[in-house]
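1. no sequence on this one, just coordinates:
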């Protein structure tokens with residue numbers, strides 16, 4: 001009877017140690033899974049931040065291109081009128097010079 005009780009106590013202790021070991025392994029696996037999950041979340045956040053930065057850079061480049069286009073259109077509109085004004089001033093100056101020569105010849 002004592003031997004059976006000792007055997008039962010050893011078996012109970014063996015089962016308890018095995019259960020503790022299993023619980024430790026399960027906790028370790030859970031910790032590893034949590035670490036992998038945190039790393040995946042961090043990687044996803046980094047990828048999202050990178051995508052947001054790329055989108056912001058693309059938006060800025062688009063805004064710069066639109067500003068350059070607007071400036072080019074404005075210059076295209078302004079340039080002909082400036083040229084026309086300059087030509088008109090040259091014609092007026094030439095007409096004045098011709099009128100002054102004619103007046104000088106008459107005098």
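-> Perfect, thanks for sending it. Computed from a prediction, not measured in an experiment: that's the story for all the values here. Numbering: from 1, shown residues only.
2. From residue 46, how far off is the spatially most central residue of the chain?
-> With distances taken as Cα atoms, centre = their mean, the residue of the chain nearest its centroid is residue 53 (1.8 Å). Distance of residue 53 to residue 46, given as Cβ to Cβ, to the nearest Å: 10 Å. For every residue, glycine as well, the C-beta is placed using N, CA and C.
3. now the helix or strand encompassing the residue nearest to the centre of the chain, how far from the centre of its chain.
-> Taking DSSP states H and E as the criterion, residue 53 maps to helix 2-106. Computed by Cα atoms, centre = their mean, to the nearest Å, the chain-centroid distance of helix 2-106 equals 0 Å.
4. packing partners for that helix?
-> Here helix 2-106 touches no other helix or strand, going by 3 or more Cβ pairs under 8 Å, 6 or more residues apart in numbering; DSSP states H and E.
5. what about it, average pLDDT?
-> For helix 2-106, mean pLDDT is 87.
6. any idea how far residue 44 lies from residue 29?
-> 22 Å.
7. now swap in residue 39 and tell me
-> Residue 39 is 15 Å from residue 29, by Cβ to Cβ.
8. Residue 51: neighbouring residues, count only.
-> 10 (other Cβ atoms under 10 Å).
9. Residue 11 now?
-> As a measure of burial, residue 11 has 10 neighbours, counting by other Cβ under 10 Å.
10. Over to residue 19?
-> Using other Cβ under 10 Å, residue 19 has 10 other residues around it.
11. Residue 59 too?
-> 10.
12. same question, residue 90
-> 10.
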